[in-house]
Every structure is written in C-alpha cells, then in structure tokens.
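S.K.: Mind folding the following:
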Amino acid sequence: MQTNPRPGYSTEEAARRLHVKPQTLRAALCRDGHYLGVQPRKMANRLLDWPAERIDTLANGRK
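M.R.: Residues are numbered from 1 along each chain as shown. Here you go, the predicted structure:
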C-alpha cells in the first residue's frame, strides 16, 4: 500500500472545507494565480492538489 507523501485536498474537498464552490477556487486561480494566497500543485493527472495545512488555516479564520 502506497501512502500520500504530502497531505492535500482536491479542489472539491478544499472548496467544501472553505464553504465556497469549487469553481470559486478555479476562477481565482485562473484570474490571480492563487486563492487568498494559496497556490495548489498541479499533479501528473492534471488535477489540483491544495495544501491541506494552508486550507485548514484559512478555514479556521487565520492567515
């Protein structure tokens, strides 16, 4: 069994955690290159991997 070396959220998971629609994250990334200062990593399968620690910090109201 292979484990994930760095924890991250999919766009849908990050959006759910932040109480926004997934398209909000995608649009901000396209327009600004980030969502509130958080930049995802593009994985080999072309999906975005949002850093869990940064998303959790935003969700908890901290910067």
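S.K.: Nearest the middle, which residue of this protein would you pick?
M.R.: With the centre of the chain defined as its mean C-alpha position, the nearest residue by CA atoms, centre = their mean is Trp50, 2.7 Å away.
S.K.: Specify the local secondary structure of the closest residue to it other than its chain neighbours.
M.R.: Sequence neighbours aside, Ala14 is the residue nearest to Trp50 in space, at 4.0 Å (criterion: CB to CB, 6 or more residues apart in numbering). Bear in mind the C-beta positions are built from the backbone N, C-alpha and C, glycine included. What DSSP: H, G, I helix; E, B strand; the rest coil gives for Ala14 is helix.
S.K.: show me the contacts for Ala14.
M.R.: 22, 25, 40, 50, 55 (CB atoms under 8 Å, 6 or more residues apart in numbering).
S.K.: if we go to 10 Å?
M.R.: Taking CB atoms under 10 Å, 6 or more residues apart in numbering as the criterion, Ala14 is in contact with 8, 20, 22, 25, 35, 38, 40, 48-52, 54-56, 58-59.
S.K.: So which of the residues you listed are in strands?
M.R.: 8, 48-51 (DSSP state E).
S.K.: If any of the contacts of Ala14 are buried, put those into a PyMOL selection.
M.R.: For the buried members of the contacts of Ala14, the matching PyMOL selection, counting by 16 or more other CB atoms under 10 Å, is:
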select buried, resi 8+22+25+35+38+40+48+49+50+51+52+54+55+58
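S.K.: Could you report the separation of the spatially closest residue to Leu47 that is not a sequence neighbour from Gly33?
M.R.: Of all residues not flanking Leu47 in the chain, Ser10 sits nearest, at 6.4 Å (CB to CB, 6+ apart). For Ser10, the distance to Gly33 equals 19 Å [CB to CB, to the nearest Å].
S.K.: So between those two, which is more surrounded?
M.R.: Ser10 (15 against 8; other CB atoms under 10 Å).
S.K.: can you tell me how far that one sits from Leu58?
M.R.: Using CB to CB, we find Ser10 at a distance of 16 Å from Leu58.
S.K.: Would you check which pair of the ones in strands among the contacts of Ala14 lies furthest apart?
M.R.: With CB to CB as the measure, no two of these lie farther apart than Leu48 and Pro51, at 10.5 Å.
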